[in-house]
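Asker: For reference, the sequence and a predicted model appear below.
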Protein chains: 2
Amino acid sequence: MAGKATQTALPSIDPEEACPIAPVVDIVFSRWTTPILWTLNMHGRQRFVELERRIAAITPKVLTQRLRQLERDGMIVRTYHPEVPPRVEYEITELGRSLAPLFANLAEWASTNLAKVDLARHDYDTAAAR
Amino acid sequence: MAGKATQTALPSIDPEEACPIAPVVDIVFSRWTTPILWTLNMHGRQRFVELERRIAAITPKVLTQRLRQLERDGMIVRTYHPEVPPRVEYEITELGRSLAPLFANLAEWASTNLAKVDLARHDYDTAAAR
DNA sequence: CGGTATCCCTAGGGATACTG
DNA sequence: CAGTATCCCTAGGGATACCG
């Protein structure tokens, strides 16, 4: 708790506290998670190699890491089929699917506002050049 | 970002291509941006030091970096008042404010689903412990 | 197929100064 | 006040190789 014998005892707000959506951001918008969830949501249950190919550019190590994290967070389920060769399938859960409307909103925001961002960037850059 | 194609050229899909919301994520959900935008949206026009105190834990260097980036993206405006001592005010723009409903959705998702995530994590961890 | 196990490597955040 | 200017430092992503 706040000992503060020294000086810095202001009403400090954690970065997470200052912004109620910070926890969600950590869960949903960390690196590679949106492509993975998006792909799983669009194309349904998929095997490891399918995800690897669809997302491309991602390495197996990182894909595994993110899949584990998403599994732990209850966003996806992993099903292991002990066959030869082994088969593993990943599927989005109800919890994961509950993000779909959010993603749709984001996509809609993007389609109407991304151009404005580009314009703003261009303006900023050309203004700075002078 | 680099993007070196060291790998064999398959019908690769960019991480950005695989997921239509990837660009938005880069703009809106990169580190510290949500707390900054949230604070600016909630408390209106603010000076540098106010943001610094409200968000706490953030260093002036990083705060400056993110503010510049948000300004470049057209999400906030910076107003410099040449006084002594100097005064600078930051304010969210219309474009920035257009994210508010999105943030509200996220906050709502958080309030109904964050507990489920915690539960999933607990289940995962205790299952792994056995 | 579905992953580990390594090593490497750098972007970016933190701490600590210092200035106009 | 509102930032720069440095230095440091490590988490985490990429590349490569290998295993059950």
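Answerer: Done, it's in.
Asker: Scan chain A for its longest helix.
Answerer: As assigned by DSSP state H, the longest helix anywhere in chain A is helix A:100-129.
Asker: quick one, that helix and helix B:100-129 angle?
Answerer: Orientation check (axes from the mean of the first three to the mean of the last three C-alpha atoms, to 10 degrees): helix A:100-129 against helix B:100-129 gives 120 degrees.
Asker: close to DNA strand D, is helix A:100-129?
Answerer: No: if you take C-beta under 7 Å from any atom of the strand as the test, helix A:100-129 misses DNA strand D, and the best it gets is 11.5 Å. Quick note: C-beta positions are derived from backbone N, CA and C, even for glycine.
Asker: from the middle of its chain, how far away would that helix be?
Answerer: With C-alpha atoms, centre = their mean, to the nearest Å as the basis, helix A:100-129 stands 19 Å off its chain's centre.
Asker: Quick check: can you list the domain ranges of chain A?
Answerer: For chain A, the structural domains run A:17-96, A:99-130, going by automatic domain parsing.
Asker: Tell me which of these sits most buried.
Answerer: With neighbours taken as mean count of other C-beta atoms under 10 Å in any protein chain shown, the domains of chain A reach their highest mean count in domain A:17-96, at a mean of 17.
Asker: And the average pLDDT for it is what?
Answerer: For domain A:17-96, the mean pLDDT works out to 95.
Asker: which residues touch residue A:77?
Answerer: Contact analysis of residue A:77 by C-beta atoms under 8 Å, 6 or more residues apart in numbering or on different chains lists A:71, A:90, A:91, A:93.
Asker: any idea which of the residues you listed is the one closest to chain B?
Answerer: Checking the contacts of residue A:77 against chain B with C-beta to the nearest C-beta, the nearest one is residue A:71 at 7.0 Å.
Asker: between the domains of chain A, which one is nearest to residue B:123?
Answerer: For residue B:123, the closest of these is domain A:17-96, at 7.9 Å, according to C-beta to C-beta.
Asker: All the helices of chain A, residue numbers only.
Answerer: Ranges of helices within chain A are A:15-18, A:22-28, A:33-43, A:48-55, A:60-72, A:94-97, A:100-129, based on DSSP H.
Asker: Tabulate these in CSV, adding columns for distance to chain B.
Answerer: Listed next are these as CSV, based on distance: least, C-beta to the nearest C-beta, whole Å:
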stretch, distance to chain B
helix A:15-18, 5
helix A:22-28, 5
helix A:33-43, 4
helix A:48-55, 5
helix A:60-72, 4
helix A:94-97, 6
helix A:100-129, 3
